[in-house]
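1. got a sequence here, can you model it:
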Amino acid sequence: MLDKFKDGLNGALLEIVGGLIAPILISSLVSTALFPSYFIWILYLIGIGGMISLIREMSFWATSYIVGWLVGIFILANSGLLSPIDILIYLIPLVFLVYRVLKSFTSRY
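-> Numbers count the residues shown, from 1 in each chain. Sure, this is the predicted structure:
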């Protein structure tokens with residue numbers, strides 16, 4: 001169980017840090033005219049597609065992985081690295097966690 005928690009924590013931290021670095025790199029390449037300005041919009045669309053894919057896969061995550069993910073989100077939110085809308089989007093796994101807890105209680109009784 002601990003391995004999946006650690007993996008979830010690492011997953012949250014790596015995805016968000018990567019999400020912070022990529023826009024800085026892309027905007028600097030656009031500002032130096034190495035890429036056309038519409039390139040940013042293409043990358044935004046790809047990012048939205050990636051987020052949709054991530055949300056679709058969340059239902060298959062292990063419960064301990066989701067807990068690790070949420071701890072990572074909590075750490076990043078407290079450090080100020082996430083905007084309120086990012087926090088809302090990244091808390092979607094909480095829905096799956098609550099569902100699993102409720103399902104385990106109802107199946108026992």
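2. so what does the longest helix along the chain touch, helix or strand wise?
-> Looking across the chain with DSSP state H, the single longest helix is helix 2-31. Judged by 3 or more C-beta pairs under 8 Å, 6 or more residues apart in numbering; DSSP states H and E, helix 2-31 is in contact with helix 38-57, helix 63-78, helix 84-90. Where you see a C-beta, it was placed from the backbone N, CA and C, and this is true even at glycine.
3. got a list of contacts for the second one?
-> Surrounding helix 63-78, the residues in contact under the criterion C-beta atoms under 8 Å, 6 or more residues apart in numbering are 1-2, 4-13, 16, 58, 61, 82, 87, 90-91, 93-94, 96-97, 100.
4. next one: the last one
-> Contacting residues not belonging to helix 84-90 are listed as 12, 16, 51, 69, 73, 77, 82 [C-beta under 8 Å, 6+ apart].
5. among those residues, which one lies nearest to residue 106?
-> Closest to residue 106 out of the contacts of helix 84-90 is residue 69 (24.0 Å), distances taken as C-beta to C-beta.
6. nearest residue to the middle of the chain?
-> Nearest residue to the geometric centre of the chain (C-alpha atoms, centre = their mean): residue 90, 5.0 Å.
7. show the pLDDT at that residue.
-> pLDDT, residue 90: 77.
8. distance of it relative to residue 74?
-> Separation of residue 90 from residue 74 (C-beta to C-beta, to the nearest Å) stands at 10 Å.
9. likewise residue 61?
-> From residue 61 to residue 74 the distance is 17 Å (C-beta to C-beta).
10. looking at these two, which has the bigger crowd around it?
-> residue 61 (20 against 15; other C-beta atoms under 10 Å).
11. ok now do residue 61, which residues does it touch?
-> Residue 61 touches 8, 69, 93, 96, counting by C-beta under 8 Å, 6+ apart.
12. make TSV out of the residues you listed and add pLDDT.
-> Output for the contacts of residue 61, formatted as TSV (pLDDT from 0 to 100):
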residue	pLDDT
8	82
69	80
93	79
96	81
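13. from these, list just the buried residues.
-> Neighbour-count burial (16 or more other C-beta atoms under 10 Å) applied to the contacts of residue 61 gives 8, 69, 93, 96.
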